[in-house]
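S.K.: sequence and predicted model, in that order:
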Amino acid sequence: MKKEKLSLFRFYWHDILSGKAPTSVMVVPPPKTNSFTAFGLVNMIDNPLTVGPDLSSKLVGRAQGFYASASQEEIGFLMTMNFAFTEGKYNGSTLTVLGRNPVLKKVREMPVVGGSGLFRFANGYAQASTHNFDPKTGDAVVEYNIYVMHY
């Protein structure tokens with residue numbers, strides 16, 4: 001085996017619910033009994049990952065998976081997604097994130113539980129912070145900083 005190394009990746013995750021081509025689609029609506037936390041909601045995602053906060057900045061991959069509202073007391077999502085890279089050295093490789101995302105906190109931490117390609121046997125953590133949220137459309141831009149050990 002090669003020597004294990006630590007890498008840092010920073011990119012922006014675009015959760016687009018509005019418009020003609022949304023990248024986040026509700027597949028299970030929340031029951032109407034808890035409108036504040038949307039407990040029970042499930043959204044399937046194929047969100048762009050870009051180097052900058054603008055959607056027009058360079059695309060480096062896609063976040064594919066789902067998030068589900070898993071808390072009845074706060075807005076807290078279960079995030080299950082693969083960061084599928086499409087550019088440069090990591091093209092074709094993935095990192096998998098599985099964890100809790102209490103979205104109203106300034107910085108949220110979720111575990112990196114694995115990967116594929118150049119990230120085989122990867123582990124680490126992801127820190128997410130909301131860059132922009134539009135309450136009218138539900139669209140959000142989130143900065144992700146990924147710290148990952150890999151070979």
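M.R.: That came through fine.
S.K.: state the number of residues packed around R62.
M.R.: Other residues near R62 come to 21 when the count uses other CB atoms under 10 Å. Glycine gets a C-beta too; all of them are placed from N, C-alpha and C.
S.K.: so who does the nearest residue to it once chain neighbours are set aside touch?
M.R.: Leaving aside its chain neighbours, R62 sits nearest to A84 (5.1 Å; criterion: CB to CB, 6 or more residues apart in numbering). By CB atoms under 8 Å, 6 or more residues apart in numbering, A84 lies in contact with G61, R62, A63, Q64, T94.
S.K.: any idea how far A84 lies from K32?
M.R.: Separation of A84 from K32 (CB to CB, to the nearest Å): 35 Å.
S.K.: what's the answer for G117, then?
M.R.: Distance, G117 to K32, using CB to CB: 43 Å.
S.K.: between the two, which one's more packed in?
M.R.: G117 (15 against 6).
S.K.: that older thread, can you redo the contacts of A84 as CSV with secondary structure?
M.R.: Shown next, in CSV, are the contacts of A84 (DSSP: H, G, I helix; E, B strand; the rest coil):
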residue, secondary structure
G61, strand
R62, strand
A63, strand
Q64, strand
T94, strand
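S.K.: surely V51 meets G88?
M.R.: No. At 10.7 Å, V51 does not count as touching G88 under the criterion of CB atoms under 8 Å.
S.K.: return every residue with contacts to both of the two.
M.R.: In terms of CB under 8 Å, 6+ apart, V51 and G88 are both contacted by the residues V60.
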